[in-house]
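Chemist: Need the 3D shape of this:
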Amino acid sequence: MKECLVCAKCFNDSSSYCSEDGNPLKRTFDGEVLLDGRYQLRRRLGQGGMGVVYKARHLFLKTTHAIKVILPDLVGNDSEFLTRFRQEAMAAAAIRHHNIIAVTDYGVINNTMPFLVMEYIQGKSLHDVLLKEGKLPPGRALEIMEPIAAGVSAAHRRGIVHRDLKPLNIMIEDDLPVEEAVKLLDFGLAKIKSGELLGSFVAAKTTGLMGSPFYMAPEQWSEDEPEKYADIYSLGIILYQMLAGDVPFKGPSIPSIMKKHLLESPPHFSELGATVPPEVEEVVMHTLEKEPSRRPSTVNDFINELRSAVNASGVTQKALQDHMSSLLATLTRAPDDRLAGTISSDFDIDVSAPLPGADSLIEERRRREQEASFRQSETEEQQRLRHEAENTARLEAEARRRQQEEEDARQRVEAEAQRLREQEEAARLAAEAEARRRTEEEEAESRQRAELAAQVRARKAEADRLKAEARRQQEAEQQRQREEAEQRRRAEEEEKLHELEEEAARRRVAEEAERERAAQEASLRAEAEARLRAEEEARLLVEAQAERERAEAQARRQQLEADERQLAETQITRLEAETLRPPSMEAGHR
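Modeler: You can find the predicted model right below:
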């Protein structure tokens, strides 16, 4: 999705320039302007610590909503971020109070981008109101604080502590009475204390700095878990800002602001140039006590104290105004017996008695001195009465102005009531038209349902017929399979019987062959034995013949050896004889 850099309108990714002013578009997140197939984003309203808020319209109901979206880059890897966002939806939806913003839906886009659907408020924040109007009179501050306290009290009754109350989280809807127009926003930092409220839901354990430093109670700066007294303290800071035009504790850094919240007392209103009745200032200081137990015990106690203080200061001013009016009437009215009686009682002079005689100089001098004293006293009284009359006239003008404002407000209320009546009439007519349309749609839907039911019945009958046919075919197939199985069984039995008969025949043939083989073997054994006996006899004859031949060979060998010995001996003898012959005989012989 893309946004216009100037008018903040939303466009699909296919657009590059704003269709209204032609300015370039900036990519916001992956996705189209239609969230969850129902909510069409129109324009970005603002961005806070937990996400971006868009003005959106329901595609089917044609209703306008404010949708808070957590962008993926805001979620990051913080698993508690999604939990706190879900906590905001559950906490705000659980309170159900007309001074708490109504939460109507919740969802997650692509499992990465959760969104919260709220009622759309056409108005301005208390922050904007204070920037425009500056310091507010106590009565006006009480008028705004009462619905704020009602919403916070409703949250406390459900065990929910807001922990981030500030003017930016308080909206005032246009064209509505203040008690209905005030709405509390952003329960994303709320702490769920009641286990029964949300069943098994366990609130996220938030860490770090939670809340806005200018409005945080002293206990919120420590590790202690804030209770309802923290919200009461924040309400006191908001009330102080409405009456004085600024917060009580400011500084160049968060640590300096923290130090003032923890250690310093709030400045008196007179130090900031604000005129606040002492009774109202006492209530504010009571709310801003450092120790939680010393503050009002409940939001209702706080608002009751504030209402009593404002009413008490209003009674004092009214008594002064009545006294000034009486003095003004006395001054402007001609002297009568009551004025004469007053003067005579004040100065001890009987103005109804005749003047003393001129013959007594002492009496005349005393009378003149008394007259001079009377005239001087009368002049001072007239000046005092004139000053009081001027103040009374100013107060009466202020009263007339307020009366005129009240009359204007009454006329606005009557005009708004007339507008609401017209809207109700238009809504009634629209509701009747819608009812007729729904009736027609229901009738058409009824006809469609009847036609669909008839089609369903026909299809069911066809399905039943097909099922019956399938069952018959299945039964026939099963019967065929059983018959085939029986045939196979019989064929197998016959085959087995044939095999048994063949096996028996083979065994008989084998036995006959075995008998023949045994007979043949016996005959062969007999023949072999005879042959062996013959062979043995032949062998014995051969051995005997061989023995005779060996004996003869031995004899011949012995004879040869003897002949050879004899020959050798002969030769030796001859050699010996030749050796012994004389040489001369040998030479002559040669």
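Chemist: Output the below-cut-off pLDDT ranges for the stretch 51-200 of the chain.
Modeler: Scanning the stretch 51-200 of the chain for pLDDT under 70 picks out 74-81, 85, 88, 188-200.
Chemist: A461: what's it in contact with?
Modeler: With contacts defined as Cβ atoms under 8 Å, 6 or more residues apart in numbering, A461 is in contact with no residue. Quick note: C-beta positions are derived from backbone N, CA and C, even for glycine.
Chemist: do S523 as well
Modeler: Residues near S523 by Cβ under 8 Å, 6+ apart: none.
Chemist: tally of neighbours for E503?
Modeler: Close neighbours of E503, defined as other Cβ atoms under 10 Å, add up to 10.
Chemist: For the helix or strand harbouring A504, give the mean pLDDT please.
Modeler: Secondary structure from DSSP states H and E places A504 in helix 361-580. For helix 361-580, mean pLDDT is 81.
Chemist: how distant is it from the center of its chain?
Modeler: For helix 361-580, the distance from its own C-alpha centre to the chain's C-alpha centre is 35 Å (Cα atoms, centre = their mean, to the nearest Å).
Chemist: cool, stretch 232-239 as well?
Modeler: Remark: stretch 232-239 is offset 28 Å from the chain centroid, using Cα atoms, centre = their mean.
Chemist: Same question for stretch 1-11.
Modeler: 26 Å.
Chemist: Would you mark the buried spots in it?
Modeler: M1, K2, E3, C4, A8, K9, C10, F11 (16 or more other Cβ atoms under 10 Å).
Chemist: so how far is F11 from the second one?
Modeler: It stands for K2. Using Cβ to Cβ, to the nearest Å, K2 is found at 5 Å from F11.
Chemist: Could you name every residue contacting both of the two?
Modeler: Counting by Cβ under 8 Å, 6+ apart, the contacts common to K2 and F11 are L25.
Chemist: In a strand, R43, correct?
Modeler: Yes: secondary structure of R43, determined by DSSP: H, G, I helix; E, B strand; the rest coil: located in a strand.
Chemist: ok, it - contacts?
Modeler: Counting by Cβ under 8 Å, 6+ apart, R43 touches C7, A8, K9, C10, Y54, K55.
Chemist: beta partners for the residue lying closest to the fourth one once chain neighbours are set aside?
Modeler: Counting by Cβ to Cβ, 6 or more residues apart in numbering, the nearest residue to C10 once its immediate chain neighbours are dropped is L41, at 4.3 Å. On the basis of DSSP bridges, L41 is bridged to A56.
Chemist: Run a quick neighbour tally on L41.
Modeler: Based on other Cβ under 10 Å, the number of other residues close to L41 is 24.
Chemist: tell me the contacts of it?
Modeler: Counting by Cβ under 8 Å, 6+ apart, L41 touches M1, C10, V33, L34, L35, Y54, K55, A56, I67.
Chemist: ok, the nearest residue to L243 once chain neighbours are set aside - how many residues close by?
Modeler: Computed as Cβ to Cβ, 6+ apart, the closest residue to L243 that is not its neighbour in sequence is V276, at 5.2 Å. Burial of V276 is recorded as 23 neighbouring residues (other Cβ under 10 Å).
Chemist: R574 too?
Modeler: The criterion is other Cβ under 10 Å. On that basis, R574 has 10 neighbouring residues.
Chemist: re earlier: tell me the one among the contacts of R43 nearest to D105.
Modeler: Of all the contacts of R43, the one with the least separation from D105 (Cβ to Cβ) is Y54, at 13.7 Å.
Chemist: So that closest one, which state does it fall into?
Modeler: Going by three-state DSSP, the secondary structure assigned to Y54 is strand.
Chemist: residues contacting it?
Modeler: The contact partners of Y54, by Cβ under 8 Å, 6+ apart, come to C10, L41, R42, R43, R44, L45, A66, I67, V69.
Chemist: Which pLDDT does the model give the second one?
Modeler: If I follow you right, that is L41. What the model reports as pLDDT for L41 is 93.
Chemist: Roughly how far does it sit from S212?
Modeler: According to Cβ to Cβ, L41 stands 27 Å off from S212.
Chemist: for the fourth one, same thing?
Modeler: As judged by Cβ to Cβ, R43 and S212 stand 26 Å apart.
Chemist: Then the last one?
Modeler: Remark: distance between V69 and S212 (Cβ to Cβ) = 22 Å.
Chemist: the more surrounded of those two?
Modeler: Comparing V69 with S212 by neighbour count (other Cβ under 10 Å), the higher total belongs to V69, at 26 against 20.
Chemist: residues contacting the more buried one?
Modeler: F29, L35, G51, V52, V53, Y54, M113, P114, F115, L116.
Chemist: Name the residues linked to it by a beta bridge.
Modeler: Here V69 shows beta-bridge partners V52, F115, assigned using DSSP bridges.
Chemist: Check V103 too.
Modeler: With DSSP bridges as the criterion, the beta-bridge partners of V103 are M118.
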